[in-house]
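# The following block contains a protein sequence and its predicted model.
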Amino acid sequence: MKFVKNMNLDYVEPAGGKNLYDGVDLSVEDCVEARYWKQNGHLGNPDICSLPRAADITELLKQNNIPISGYDPAKVKMASLSERKRQLISLKKIRYPIPFHSLIEYHLSTALISSYASRRNGITAMARPIKVAGEEMETNIISYANDISANVLGFSIVGTSGVGKSTAFDLTCAKYPRVIRHTFPDGFYTQIPIIRLTAFSNSNLTALFLSFAKQLDRLLDTGKII
């Protein structure tokens, strides 16, 4: 295998205050083509250069201060009772950032960058068959952990119920594509930055691993979702 220290990447430069995938509706697309920028450092590392930048609290407030689309006070009085109820239920989706959200942004970004810094990219002599979205393909590109025994950064979010831990993490994860596809002349590979798992109280590792596998099947669209 031929190792590539610095991949040849086409960098973009988002406008001030913008993030890497701001123009992509990540709520309707699981897999997006990678975009690369230099702000994260580690130039030539596609896994790191394709990650969104951590936002501070001022940016978080701007990003989430979004007017309600189509809201017209004059039409509210004319709406049916069922429509009013439907709109009222939709208010549950509102997420408002508070100061510690920016710390979660920073720590998650740092943990991901630290993890991907230990990976290497290589070009294999023979193309490897791979199946994506039910389609058979071949690629010579491989990305793998350089040292599986190396420790990586992590962090904990601790607090009493209802303080907004899940909301804060939801806001942070919303800017990350579920799957990033890296395409090069020698082939392609896919990157999954974040997978969220629930640790069961009875320490059922089998259920935990099965949940992990199900999410991989869904994100990669293998057609083997159970």
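Yes, it's here.

# Quick check: residue 98 vs residue 139, distance?
43 Å (CB to CB, to the nearest Å). Where you see a C-beta, it was placed from the backbone N, CA and C, and this is true even at glycine.

# For the two, indicate the residue with more neighbours.
Legend: neighbour count by other CB atoms under 10 Å for residue 98 and residue 139, higher for residue 139 (19 against 14).

# Shouldn't that one be within a helix?
No. Using DSSP: H, G, I helix; E, B strand; the rest coil, the assignment for residue 139 is strand, not a helix.

# Excluding chain neighbours, what is closest to it?
Nearest non-adjacent residue to residue 139, counting by CB to CB, 6 or more residues apart in numbering: residue 187, 3.1 Å away.

# Report the beta-bridge partners for the one you found.
residue 184 (DSSP bridges).

# That one reaches residue 121, doesn't it?
No. Distance between residue 187 and residue 121: 10.9 Å, which falls outside the contact criterion (CB atoms under 8 Å).

# Please identify which of those two sits among more neighbours.
A side-by-side neighbour count of residue 187 and residue 121, using other CB under 10 Å, places residue 121 first with 21 against 18.

# can you tell me which residues contact the more buried one?
Residues in contact with residue 121 (CB atoms under 8 Å, 6 or more residues apart in numbering) are 3-4, 7, 45-46, 141-143.

# repeat that for 7 Å
Applying CB atoms under 7 Å, 6 or more residues apart in numbering, we find residue 121 in contact with 4, 7, 141, 143.

# cool, residue 169 as well?
Contacts of residue 169 by CB under 7 Å, 6+ apart are 104, 157.

# can you list residues touching both of residue 187 and residue 121?
With CB under 7 Å, 6+ apart, residue 187 and residue 121 have common neighbours residue 141.

# Residue 32 - how many residues pack around it?
Count around residue 32 with other CB under 10 Å applied: 16.

# ok, for it, nearest residue in space, not its chain neighbours?
residue 177 (4.6 Å).

# So that neighbour versus residue 145, what's the distance?
Using CB to CB, residue 177 is found at 21 Å from residue 145.

# Residue 80 now?
56 Å.

# likewise residue 182?
16 Å.

# Those two: which has the busier surroundings?
The neighbour comparison of residue 182 against residue 145 (other CB under 10 Å) goes to residue 182, with 21 against 13.
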